[in-house]
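Q: sequence and predicted model, in that order:
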Amino acid sequence: MHHNASHIKENIVIFVLIFLISLMLFLIISGDRGLAGLKQVQQKKESLIQSNQSLRLKNYEAYRKIERLQRDPAYIEAIARTDMGLIRKDELVFKPHDSNISRQPYLPAQNRRNPDD
């Protein structure tokens, strides 16, 4: 009988150990901090690395633009022309004809007829 009781105790200990190991494996695999959580953290890390690389490139481009604006007169002129629409004193601006505007010829004020006449 004593032999049978110790055998039962061994079986209970083995069962408890198997249960605890199984529970730990389940938590490792399925928990928020388990393998699924690890995969999410890895994806977030990759996303942050790509975002960081993009920001580094934008930062470098901004740095280069600042450098050129401080040192390159031709670049400053190009920016003034394209972004601000500026021209030199000796240049003329030609505007394309808009097809929606009346096709009547322009008459100086002295040659215009008053509609009341």
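A: Thanks, I have it.
Q: and the most centrally placed residue in the chain, what's its pLDDT?
A: Most central in the chain under Cα atoms, centre = their mean is S51, positioned 6.6 Å from the mean C-alpha point. As predicted, S51 sits at a pLDDT of 97.
Q: in terms of helices and strands, where is it?
A: Using DSSP states H and E, the element containing S51 is helix 35-71.
Q: so which helix or strand of the protein has the lowest pLDDT on average?
A: helix 2-30 (a mean of 85; mean pLDDT, DSSP states H and E).
Q: list the buried residues in that helix.
A: By neighbour count with 16 or more other Cβ atoms under 10 Å, helix 2-30 contains no buried residues. No exception for glycine: its C-beta is placed from N, CA and C like everyone else's.
Q: by how many degrees do that helix and helix 35-71 diverge?
A: Taking axes from the mean of the first three to the mean of the last three Cα atoms, to 10 degrees, one finds that helix 2-30 is oriented at 30 degrees with respect to helix 35-71.
Q: low-confidence stretches in the chain?
A: 1-3, 31-32, 98-117 (pLDDT under 70).
Q: and with 90 instead?
A: Regions of the chain meeting the criterion pLDDT under 90 cover residues 1-11, 23-41, 79-117.
Q: quick one on the thing from earlier: against which helices or strands is the least confident helix or strand of the chain packed?
A: Applying 3 or more Cβ pairs under 8 Å, 6 or more residues apart in numbering; DSSP states H and E, we find helix 2-30 packed against helix 35-71.
Q: which is the next helix or strand following the helix it packs on?
A: Sequence-wise, the next helix or strand downstream of helix 35-71 (DSSP H and E) is helix 73-82.
Q: specify the angle between that following helix and helix 35-71 in degrees.
A: Counting by the same axes, to 10 degrees, helix 73-82 lies at 100 degrees to helix 35-71.
Q: just the C-alpha atoms of helix 73-82, please, in PDB.
A: Only the C-alpha atoms of helix 73-82 are listed here, as PDB (Å, rounded to 0.1, in the frame of the first residue of the first chain):
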ATOM      1  CA  PRO A  73      23.700  82.300 -56.300                       C
ATOM      2  CA  ALA A  74      22.400  80.400 -59.300                       C
ATOM      3  CA  TYR A  75      20.400  78.200 -57.000                       C
ATOM      4  CA  ILE A  76      19.000  81.200 -55.200                       C
ATOM      5  CA  GLU A  77      18.000  82.700 -58.500                       C
ATOM      6  CA  ALA A  78      16.300  79.500 -59.700                       C
ATOM      7  CA  ILE A  79      14.300  79.300 -56.500                       C
ATOM      8  CA  ALA A  80      13.300  82.900 -56.800                       C
ATOM      9  CA  ARG A  81      12.100  82.400 -60.300                       C
ATOM     10  CA  THR A  82      10.300  79.100 -59.900                       C
END
